[in-house]
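Student: model the following, please.
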Amino acid sequence: MANRCALCNKGRQVGRSHRHHRGVAGGQWKQRAQKTIKISKPNLHPFKGILKGKKGVYKLCTKCLRRAKEDSPSK
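Tutor: Numbering: from 1, shown residues only. Presented below is the predicted three-dimensional model:
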């Protein structure tokens, strides 16, 4: 549970990326490039405060962090 948001449970997303090598003078593809796995991780930040009625330190994504700061009582 290292790369997950504590509030919305947002995790990593997996996709594929591949490029094609062009031939001479923009002709046919010289060779097909291999498809590589592209992993996007969520933008997590530590949040110390009350969340879901419990006090502690949580990892929150940026969107949930903004919501948590709005809902938390200011000092």
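Student: run through the strands of this structure in chain order.
Tutor: With strands called from DSSP state E, the chain shows them at 13-17, 20-22, 29-32, 36-40, 44-51, 54-61.
Student: wait, which of the ones you listed is closest to L7?
Tutor: Comparing the strands of the chain by their distance to L7 (CB to CB), the top pick is strand 54-61, with 5.7 Å. Every residue, glycine included, has its C-beta placed from N, CA and C.
Student: pLDDT below threshold where in this protein?
Tutor: Confidence mapping of the chain against pLDDT under 70 gives the ranges 1, 19-33, 74-75.
Student: 90 instead?
Tutor: 1-3, 16-38, 50-53, 69-75 (pLDDT under 90).
Student: among the strands of the chain, which comes closest to N3?
Tutor: Put simply, out of those the one that sits nearest N3 is strand 44-51, at 6.9 Å, with distance taken as CB to CB.
Student: how much space separates the closest residue in space to T62 that isn't next to it in sequence from T36?
Tutor: For T62, ignoring the flanking residues on the chain, the nearest one in space by CB to CB, 6 or more residues apart in numbering is N43 at 4.9 Å. Distance, N43 to T36, using CB to CB, to the nearest Å: 22 Å.
Student: burial count for the residue nearest to T62?
Tutor: Here the number of neighbours of N43 (other CB atoms under 10 Å) works out to 12.
Student: which residues are in contact with R16?
Tutor: Applying CB atoms under 8 Å, 6 or more residues apart in numbering to R16 gives the contacts 35-38.
Student: ok, now I50?
Tutor: If a contact means CB under 8 Å, 6+ apart, then I50 has S72 as its contacts.
Student: for it, give its distance to K69.
Tutor: In this view, I50 and K69 are 12 Å apart by CB to CB.
Student: also H18?
Tutor: Noted for H18: a distance of 40 Å to K69, by CB to CB.
Student: give me the neighbour count for the residue lying closest to C61 once chain neighbours are set aside.
Tutor: Closest residue to C61 in three dimensions, ignoring its sequence neighbours and counting by CB to CB, 6+ apart: C5, at 4.2 Å. Each residue near C5 was counted by other CB under 10 Å, and the total is 20.
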